[in-house]
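Asks: curious how this folds, go ahead:
(2 chains)
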Amino acid sequence: MGAMVRRLEFDNLLSRHMRGRAGHALALLAIGLVLAGCGAAPTPMPTPAPTPTPAGEVLILAIGDSLTEGLGVGDEETYPAQLEAALRAAGHAVRVVNAGVSGETSSGTLQRIDWLLQQQPDVVILAIGGNDGLRGIDPALTEQNIAALVTRIQASGAVVVLPGMEMVRNLGSEFVSDFRAIYPRVAEESGALLMPFFLEGVAGDRTLNQPDFIHPTGAGYAAVVANLLPYVEQAIQQAQAR
Amino acid sequence: MTLLHPTFIRRQLATTRSQSLIFVLCVALSMVTLVALRGFGDSVDRALTRDARALIGADVVVQSNFAFDPAVDSAVEAIAARGAAETARTWEFYSVVRRPGEDGSLLSNLKVVDAGWPFYGTVELASGAALRAVLAPGRVIVEQALLDRLGVQVGDALRIGDATLTIADVITFEPDRPTTFFSLGPRVLVDGGDLAALNLVNPGSRVTYRWLLKAADPAAVDDLADEVRTVADRDFVRIDTFRTARTGVERFFTNFLFFLSLVGIFTLMLAGIGIQSSLTAFLRERHGTIAVAKTLGASSRFVTVNFYIVVLLLGAIGALLGILLGFVLQWTLPALLSGFLPPDIELTISTRAVVESALLGLVVVLLFTFLPLYRLEGLRPSFIFRKEEPPIVNRLPFALTLLLILGLFTGLVIWQLGDVRTALWFAGGALVLLLIAALLTEAALQLLKRWDVRWLPGRQALRGLFRPRNGTRAIVITLSTALGVLFCIFVIEQNLRASFVQSYPPDAPNVFFLDIQPDQQEAFAATLGMEADYVPAVRAALMAVNGAEPRRNPEGEDRGNGGEGGPEGGDGRRSPQYTLTYRAALAEGEMLVRGDSLFGDAETVNPVSVLQETADARGIDLGDVLSFNIQGVPLDATVTSIRKQDAGSVQPFFGFVFAPDVLTAAPQTIFTGVRVAPDEIAALQNRMVAAFPNVTVIDVTATIAQFASVVQRITQVVRFFSAFSILAGLLIVISSVYATRLARVQEAAYYKVLGATGGWVTAVFALENVLLGLLSAALALLMAQVAAWAIMTWLFELEYRFLPDASVAMIAITIAAVMLVGMVASIGILRSRPINFLRLQTENE
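Replies: Numbering: from 1, shown residues only, chains lettered A, B, ... in the order given. Below you'll find the predicted structure:
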């Protein structure tokens, strides 16, 4: 318990003196606070000074949730990091920025999309919706959010790669099929590049996943990148053609 | 002449006075302390074990998020087949449940359970019926929230997966699911017989699979766990016993019990010192008798053996008294601990605890009585008749006894704790404490000796300390050691209390609002209608410091391990996550440690102020460039200042504070906290949630109240056990002061012969006692503060406070106690007329 409390500096919101073993009860709450502490809203305000991208480099923004952020793996094993390495090895001058936020739903992404698009990316990989499904959010709302996201990103001038998501089967067959249908429909309506299933060949495989069943290991992400690569290369081509 | 002389022994017993009473009380005290400690420790342990079992509902739980390998299943089935354990399976997962034929659907937290679950603890249902009287194939039990949110009732049908089941009851308590458990949906309990019909547990389903085992033989729990462990894939299957599943609460209790054990052992030691000093004084009063007996031909052996019998008889009286009091405690402890331990735990003091305590008490008595009795051997009548100081006895037995005593207490600590290292620390600490006490006493006495006081009563009082055979040095060492331990316990108790109370002062917020969106803040403040600080929070990762990876957290928490309860494994380094905030100025209770101003001069691009602890942990210095990834936007910031926050502040603290214009546009949420009277919370909560459905409200009132009550109980228990030490300390004071009585009788007589009034003699004696008390208390306080600081810092990992008021009070009370006892002891002396004493002296010579 002590270790967990020390990790989260936020805990002192509740208990300044209980970093020790005694702060059990309040520490639990503190963790709850941190878990709940994400989400955002855009405000048109003075712009900060983000680190600029060197001229001539293609900027790829990997937007998503914990699957993008890479919960449970090291920085170098996340899919955006592996994708950047793979693209560079294939001779592309690219930079892939990890814009994943663990636990985020499509509504959360919609809140921070303007913050992200100020970087003027050339390509955006939008891998979102998994948490919507796991929380049982109505697939109609998820679809509406993803469609709005794709529209906003395309309006900024970036090419969108949209990997499809599928839901765990314990949620019930009706929900699972409703959810699966979101991605092809949005792609078809918007012209985004659809990758049929983000975790193709990875989901449910014990050798490629962490013990939580949900999150791939580094090797799992390598498989994801191998599947994703052709779609991203196609997107880079489209972006450069503009 | 026979060695045993009943008449002699009877006479010694019959003429015993205050010192033998103190001796008896000290022995009794050591027994009671031991019995009470054992009873308390056993009870807490039983309560924790029972809670731990209920918390996982079994003795052993085998758990995985992937379907079990056949090897695991067959290992468990083999255990069940040979009767070594009862087994049950559970499957826990989320699913979307629906009202058949209607629109409503709801994400629910399903638990499919075999008969047998839970093996420990009880599931409570709204109907009051037993779980298994209700739960059967075709029927489900749900949480009230499901009924409310789906608009259904008990008796209605519910569509779950491919099955349609009937809601049979409402669950109100589930032992293995704490109320604080974070869940995305209400609970639905389904009978194991319906699992296949649901058609939800398939490849591609995310399910937590569990085997629960209830061991036939409680001692075999670990063996059963190991048996399954050998066939399970460690990375994917987690195996807990009720022992390994114990929580942070348990660690706290372990430390708490350890602390109480130390208090108990110290009390025992104090009682031992009391035994030793009262016996020494008791025997000194009998020097005349001994001298006469020896002159009349009694051998040293006769004297020693007969006094040993006297001591053992007194010891036996003390032991009996102690055990009797121990049984009285059986009725006291439950009242003391009610609310602290679960209400239905039986508090009994086992016969074994009593016998063990009695044996231990005996060892203590024997050890501490050895020296005073051993000294009798060397006692020559001539020394006594000539009123000469007996020669110092052989030092070897003295040293040996000391070592034995130290060994005994080290052994005790090992026995109570099973931890050799701590025990050795304890022994070393005790030795050092004695040594330091002796050194400090010597230094203080030397200083006092040189002090030239003009005022006559003052001078006489000071001289009185160095009166021959007064034993000032021994008394001060004994008193300051005893008081040192006492003060230490008291200071720690006060510190524990202050830590808990002050970390939650009465005006600190009790209701928190999270996830307020920036565009809601104005409307939120208007609806809230009370003053509050709104703090923006921005999540970000610290990618680099000056282009290199930030220093790793010493606890290795940056490794791939994402977070709480999260996946293990992943060897790569992970950038640490922080919650950033922004504001224009230092907050209340903050101060700059380095840097001229919070954000430097206006030239600096993206200035950031770093908290000292964070800077130390990550190796950050003034002027460093920090690379953040702020939710997908890379940002380099320059460190313009390093801050620290006052330890007493209840303000939230942030590792990184940015200037406002840098982060205003960043994705953020706002949180705030207010203090609300308990009866207004519900109304406020409803009002805020109705207006701002996305805002999360956390009400910590109940938690604080619960916490405060636990803290109060803890303090009571500590106080209860400290009372034993205080009693022991008081007995030592009484014994020590009485020991100087003889010398005072003489002095009072001379003063009076020289024309002093009773009042003048009283003043001298009072002053002498004040000096004695002050000296001992001051030395004790010094040692106690150092020890308490060490214990608070290292054992409890809490902040230490000096407590000046309490320190002054402790010194004052000690002086008052020593003076009071001294005066009571001297009343007889002051009243007696000098002529009686002088006549006695003349007759003697």
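
Asks: per-domain residue ranges of chain A.
Replies: For chain A, automatic domain parsing gives the domain ranges A:2-36, A:58-241.

Asks: could you do chain B as well?
Replies: Domains of chain B are assigned by automatic domain parsing as B:1-57+B:255-436, B:60-241, B:452-509+B:700-845, B:511-558+B:571-693.

Asks: wait, which of these is closest to chain A?
Replies: Nearest to chain A among those is domain B:511-558+B:571-693 (1.3 Å), distances taken as Cβ to the nearest Cβ. To be clear about C-beta, it is placed using only N, CA and C from the backbone, and glycine gets the same treatment.

Asks: so which residues of the stretch 51-200 of chain B form strands?
Replies: B:60-64, B:85-98, B:105-113, B:124-125, B:139-143, B:157-160, B:163-173, B:187-191 (DSSP state E, counting those that start in this stretch).

Asks: follow-up on the earlier one: now render the domains of chain B as a markdown table, adding mean neighbour count and distance to chain A.
Replies: Shown next, in a markdown table, are these (neighbours: other Cβ atoms under 10 Å in any protein chain shown; distance: least, Cβ to the nearest Cβ, whole Å):
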| stretch | mean neighbour count | distance to chain A |
| --- | --- | --- |
| domain B:1-57+B:255-436 | 18 | 6 |
| domain B:60-241 | 18 | 3 |
| domain B:452-509+B:700-845 | 18 | 3 |
| domain B:511-558+B:571-693 | 18 | 1 |
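
Asks: as a markdown table, these with mean pLDDT would be great.
Replies: Shown next, in a markdown table, are these (pLDDT from 0 to 100):
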| stretch | mean pLDDT |
| --- | --- |
| domain B:1-57+B:255-436 | 72 |
| domain B:60-241 | 89 |
| domain B:452-509+B:700-845 | 74 |
| domain B:511-558+B:571-693 | 84 |
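
Asks: nearest to residue B:302, out of the domains of chain A?
Replies: Closest approach to residue B:302 among the domains of chain A (Cβ to Cβ): domain A:2-36, 58.1 Å.

Asks: so residue B:750 sits in a strand?
Replies: No: using DSSP: H, G, I helix; E, B strand; the rest coil, the assignment for residue B:750 is helix, not a strand.

Asks: C-alpha coordinates for stretch A:120-137, PDB please?
Replies: Taking Å, rounded to 0.1, in the frame of the first residue of the first chain, the C-alpha atoms of stretch A:120-137 are listed here in PDB:
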ATOM      1  CA  GLN A 120      -0.800  20.000 -37.600                       C
ATOM      2  CA  PRO A 121      -0.100  16.300 -38.100                       C
ATOM      3  CA  ASP A 122       0.100  14.800 -41.600                       C
ATOM      4  CA  VAL A 123      -1.400  11.400 -40.600                       C
ATOM      5  CA  VAL A 124      -3.600  10.500 -37.600                       C
ATOM      6  CA  ILE A 125      -4.100   7.000 -36.400                       C
ATOM      7  CA  LEU A 126      -7.300   7.000 -34.400                       C
ATOM      8  CA  ALA A 127      -7.500   3.900 -32.300                       C
ATOM      9  CA  ILE A 128     -10.300   4.700 -29.900                       C
ATOM     10  CA  GLY A 129     -13.500   3.200 -28.600                       C
ATOM     11  CA  GLY A 130     -12.300   0.200 -26.700                       C
ATOM     12  CA  ASN A 131     -13.100   1.800 -23.300                       C
ATOM     13  CA  ASP A 132     -16.600   2.800 -24.600                       C
ATOM     14  CA  GLY A 133     -17.300  -0.800 -25.300                       C
ATOM     15  CA  LEU A 134     -15.900  -2.100 -22.000                       C
ATOM     16  CA  ARG A 135     -18.000   0.400 -20.100                       C
ATOM     17  CA  GLY A 136     -21.100  -0.700 -22.000                       C
ATOM     18  CA  ILE A 137     -21.600   2.800 -23.500                       C
END
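
Asks: Throw the strands of the stretch 51-200 of chain B into TSV and include distance to residue A:81, thanks.
Replies: Shown next, in TSV, are these (distance: least, Cβ to Cβ, whole Å):
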stretch	distance to residue A:81
strand B:60-64	29
strand B:85-98	31
strand B:105-113	33
strand B:124-125	50
strand B:139-143	42
strand B:157-160	41
strand B:163-173	44
strand B:187-191	39
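
Asks: which one of those lies nearest to residue B:747?
Replies: Between residue B:747 and those, the tightest spacing by Cβ to Cβ is seen for strand B:163-173, at 73.1 Å.

Asks: which strands border the closest one, and is each parallel or antiparallel?
Replies: When pairs are called by DSSP bridges, strand B:163-173 turns out to pair with strand B:124-125 (antiparallel), strand B:139-143 (parallel), strand B:157-160 (antiparallel).

Asks: residue B:176 reaches residue B:51, doesn't it?
Replies: No: if you go by Cβ atoms under 8 Å, residue B:176 and residue B:51 don't touch, sitting 11.1 Å apart.

Asks: looking at the domains of chain B, which is nearest to residue A:226?
Replies: Nearest to residue A:226 among these is domain B:511-558+B:571-693 (18.9 Å), distances taken as Cβ to Cβ.

Asks: give me the distance between that closest one and the centre of its chain.
Replies: 33 Å (Cα atoms, centre = their mean, to the nearest Å).

Asks: ok, now stretch B:91-105?
Replies: Stretch B:91-105 sits 47 Å away from the centroid of its parent chain (Cα atoms, centre = their mean).

Asks: same thing with stretch B:147-159?
Replies: Relative to its parent chain, stretch B:147-159 has a centroid offset of 47 Å by Cα atoms, centre = their mean.

Asks: now what about that stretch, what contacts it?
Replies: Outside stretch B:147-159, the residues that touch it by Cβ atoms under 8 Å, 6 or more residues apart in numbering or on different chains are B:97-100, B:104, B:106, B:140, B:142, B:146, B:164-170, B:186, B:188.

Asks: and for stretch B:628-636?
Replies: With contacts defined as Cβ under 8 Å, 6+ apart, stretch B:628-636 is touched by A:40, A:48-51, A:61, A:63, A:97-101, A:112, A:115-116, A:118-119, B:538-543, B:575, B:580, B:606, B:625-627, B:637, B:662-663, B:666-667.

Asks: nearest to residue B:792, out of the strands paired with strand B:163-173?
Replies: With Cβ to Cβ as the measure, strand B:124-125 is the member of the strands paired with strand B:163-173 nearest residue B:792 (40.4 Å).
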